[in-house]
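Peer 1: Just the structure for this:
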Amino acid sequence: MARKKRWIKAAISRPGALRRAARRAGALKNGISKAWLGAQAKAPGRRGRQARLAITLGKMPKRGRRRRR
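Peer 2: Below you'll find the predicted structure:
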């Protein structure tokens, strides 16, 4: 098993940093604004990387939530 199991934990190097930046920018109302997140995802560097990871994690199913049939 070459791949790590806990890749998400390893990918998040600064927990809460993107949320704090969103609050400073006024993009934090009911969660982080999708428009602001999309704009940040196009930026290079650490902020862009954090935003792209946030978009990816938002697409994943929530833990403990059951699917309806």
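
Peer 1: so where does the residue nearest to the spatial centre of the chain fall, helix or strand?
Peer 2: Geometric centre of the chain, nearest residue: Ala54, 1.4 Å, by CA atoms, centre = their mean. Element membership of Ala54, judged by DSSP states H and E, is helix 45-59.

Peer 1: Could you list every helix and strand that that helix packs against?
Peer 2: With contacts taken as 3 or more CB pairs under 8 Å, 6 or more residues apart in numbering; DSSP states H and E, helix 45-59 sits against helix 17-25, helix 34-41. Heads up, the C-betas are built off the backbone N, CA and C, glycines and all.

Peer 1: Now do the shortest one, average pLDDT.
Peer 2: Confidence over helix 34-41 (mean pLDDT, whole number) is 93.

Peer 1: So which bits of it are buried?
Peer 2: With burial defined by 16 or more other CB atoms under 10 Å, the residues of helix 34-41 counted as buried are Trp36, Leu37, Gln40, Ala41.

Peer 1: Repeat that for the first one.
Peer 2: By 16+ other CB under 10 Å, the buried positions in helix 17-25 come out as Leu18, Ala21, Ala22.

Peer 1: which residues touch that helix?
Peer 2: Under the criterion CB atoms under 8 Å, 6 or more residues apart in numbering, residues Leu28, Ile32, Ser33, Trp36, Leu37, Gln40, Arg47, Gln50, Ala51, Ala54 lie in contact with helix 17-25.

Peer 1: so how far is Met60 from the second one?
Peer 2: Same thing as Ile32. 16 Å (CB to CB, to the nearest Å).

Peer 1: Low-confidence stretches in this protein?
Peer 2: 1-4, 65-69 (pLDDT under 70).

Peer 1: Let's see that with 50 instead.
Peer 2: Residue ranges of the chain with pLDDT under 50: none are present.

Peer 1: hey, C-alpha coordinates of the helix holding Ala54 in CSV?
Peer 2: Extracted in CSV, the C-alpha atoms of helix 45-59 (Å, rounded to 0.1, in the frame of the first residue of the first chain):
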residue,chain,number,x,y,z
GLY,A,45,0.9,30.3,-4.1
ARG,A,46,-0.3,29.1,-0.8
ARG,A,47,-3.7,30.9,-0.9
GLY,A,48,-4.5,29.4,-4.3
ARG,A,49,-3.5,25.9,-3.1
GLN,A,50,-5.7,26.3,0.0
ALA,A,51,-8.7,27.4,-2.0
ARG,A,52,-8.3,24.6,-4.5
LEU,A,53,-8.2,22.1,-1.7
ALA,A,54,-11.3,23.6,-0.1
ILE,A,55,-13.2,23.3,-3.4
THR,A,56,-12.1,19.6,-3.7
LEU,A,57,-13.0,18.8,-0.1
GLY,A,58,-16.4,20.5,-0.6
LYS,A,59,-17.2,18.0,-3.3
